[in-house]
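Visitor: sequence first, predicted model second:
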Amino acid sequence: MKFSTSNAKCSSYSGKHVIYVGTHTGSFKKLEPFQDDPYRQTNLQPIETLDKTSKVTCMEFGNDEHTEILLGRANHYVKVFNSDSEVTASSFEAGNGEVVGLGRSNGCIVAGIDKGTVKIVKYPETTEFSVGENLAKLRICRGDQNLMVTGGKNLKQIIKVWDLETQKVTFAAKNVRKDMLELEQPVWENDILFLDRNTIASCSRYGYVRVYDLRGTQRRPVQNYSPPDDQLSFTCLAGHERYLYAGTTTVGTRAFDIRKMKNHVHVYKGFTGTVTSVGLDATGSYLFTSCLDRYVRVHNVLKTAMVYQCYVKSKPTRILCTEYKDRVVEAEEDDDLILVEENEKDEVDSEYEDLFAKMQTVKEKSATKKRKMESETHSRSKPKIPKKKRNNE
């Protein structure tokens, strides 16, 4: 599909995906590209309730079935959205600042604020602890929900892995070697994620993508991509198996192989602004992106071709994708329903039975009606003699 500024969908795009979009104005939308109208946008929250501080800053799925969406906003509120019933299940105030990270850990909601406060919301009490200022991102490990990774701006917010049970650091990354002037390399971890329980990836505003291994004693990155010539700035990150996908501010999205990261392996084009969020489907065949040019796009991962784009009116900040599932409507049980057994015999009313015995049967009634119709037909067929002719005779 060629680059265009209008809504478009390629005929080869046959996936049944549901795309959730959070925007700069605070609106929360749903797109279903496989429907008859692939560009129809469903607002999942009333627009009247939004204001200038309602910007969506974080979105994550709360469970593996993708029926729960955790929505964080710039006004430090967190909302739990049920995607099946499409209603807000609950909401709470996470703290004083923007929500930069959300996740589920053993049934509890973990929320991170940009000022460095992490809140574990559980009943009957809530636990809070500090991870340092200038926090940019927080994520929970899907393989082990007791592990949390944080990262942000400046050297104090370099990659750290936390144990949520003890609220202590289990792994702290080490910066790369100093430059030729013996100066520390600048650190700004803009996005981080767990590739698996023992591998972490990060991307930076300063133009690097790094991979860390938690199993060994080495705290420096085991893979590092840092182009010497290009002035890149990475904004968001997603991963599937051994591939990383990083959005940039100028040149779209790039794909990397974590086994050898000296150069990128794919470039996904068609953007005219900063890529704010990236995501992948369960098979890793399609790449979903949101951009500040107000478009949501879908690319074929292997062919790097854009197969879908939709104008969403507001600047999208976060995007989530899941497979479409048919809703199963369960029948409600009726408490007033009375079941009658077939073997049960009702009492016989003699007068009621006599009334039916005296009634004419259907066969007799139809036979009588038939004889009556034949007689009428015979009388009509007999010729009539005029009165004058009778007198002459």
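Guide: Received the coordinates, thanks.
Visitor: give the buried residues for stretch 117-134.
Guide: 117-121, 131 (16 or more other C-beta atoms under 10 Å). Glycine gets a C-beta too; all of them are placed from N, C-alpha and C.
Visitor: remind me which residues of the stretch 1-150 of the chain are low pLDDT?
Guide: 1-5 (pLDDT under 70).
Visitor: which stretches in it count as strands?
Guide: 8-9, 17-23, 28-31, 41-43, 56-61, 68-73, 77-82, 87-93, 99-105, 108-113, 117-121, 126-130, 135-140, 147-152 (DSSP state E, counting those that start in this stretch).
Visitor: same deal with the stretch 251-393 of the chain?
Guide: With DSSP E, counting those that start in this stretch as the criterion, the stretch 251-393 of the chain has strands spanning 253-257, 266-268, 275-280, 286-291, 295-300, 306-311, 316-323.
Visitor: export these as JSON lines, with columns for mean neighbour count, distance to residue 226 and mean pLDDT.
Guide: JSON lines is the format used below for these (neighbours: other C-beta atoms under 10 Å; distance: least, C-beta to C-beta, whole Å; pLDDT from 0 to 100):
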{"stretch": "strand 253-257", "mean neighbour count": "22", "distance to residue 226": "12", "mean pLDDT": "96"}
{"stretch": "strand 266-268", "mean neighbour count": "17", "distance to residue 226": "17", "mean pLDDT": "96"}
{"stretch": "strand 275-280", "mean neighbour count": "23", "distance to residue 226": "19", "mean pLDDT": "97"}
{"stretch": "strand 286-291", "mean neighbour count": "24", "distance to residue 226": "23", "mean pLDDT": "98"}
{"stretch": "strand 295-300", "mean neighbour count": "24", "distance to residue 226": "25", "mean pLDDT": "97"}
{"stretch": "strand 306-311", "mean neighbour count": "22", "distance to residue 226": "28", "mean pLDDT": "96"}
{"stretch": "strand 316-323", "mean neighbour count": "21", "distance to residue 226": "27", "mean pLDDT": "96"}
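Visitor: which one of those strands lies closest to residue 107?
Guide: Closest approach to residue 107 among the strands of the stretch 251-393 of the chain (C-beta to C-beta): strand 316-323, 20.9 Å.
Visitor: I'd assumed residue 156 was in a strand, is it?
Guide: No. Per DSSP: H, G, I helix; E, B strand; the rest coil, residue 156 lies outside any strand segment and is helix.
Visitor: isn't it up against residue 131?
Guide: No. Judged on C-beta atoms under 8 Å, residue 156 makes no contact with residue 131 at a distance of 9.9 Å.
Visitor: give the contact list for residue 141.
Guide: By C-beta atoms under 8 Å, 6 or more residues apart in numbering, the contact list for residue 141 reads 147-149, 194, 197.
Visitor: equivalent analysis for residue 20, please.
Guide: Neighbours of residue 20 in contact, by C-beta under 8 Å, 6+ apart: 28-30, 44, 59, 69, 83, 319-322.
Visitor: got the end-to-end distance for stretch 192-201?
Guide: Using C-alpha to C-alpha, to the nearest Å, the end-to-end distance of stretch 192-201 comes out at 6 Å.
Visitor: quick check: mean pLDDT across that stretch?
Guide: For stretch 192-201, the mean per-residue pLDDT is 95.
Visitor: list the contacts of residue 61.
Guide: Residue 61 touches 68-70, 320, 322, counting by C-beta under 8 Å, 6+ apart.
Visitor: farthest-apart pair in those, please.
Guide: The most distant members of those, if one measures by C-beta to C-beta, are 70 and 322, lying 13.7 Å apart.
Visitor: what's the closest of the contacts of residue 141 to residue 105?
Guide: For these, the residue nearest residue 105 by C-beta to C-beta is residue 148; the value is 7.4 Å.
Visitor: tell me how far the closest residue in space to the closest one that isn't next to it in sequence lies from residue 123.
Guide: Spatially, and ignoring its direct neighbours in sequence, residue 148 is nearest to residue 162 (4.5 Å; C-beta to C-beta, 6 or more residues apart in numbering). Residue 162 sits at a distance of 22 Å from residue 123 (criterion: C-beta to C-beta, to the nearest Å).
Visitor: do the same with residue 264
Guide: Counting by C-beta to C-beta, the gap from residue 264 to residue 123 is 46 Å.
Visitor: and for residue 144?
Guide: Distance of residue 144 to residue 123, computed by C-beta to C-beta: 23 Å.
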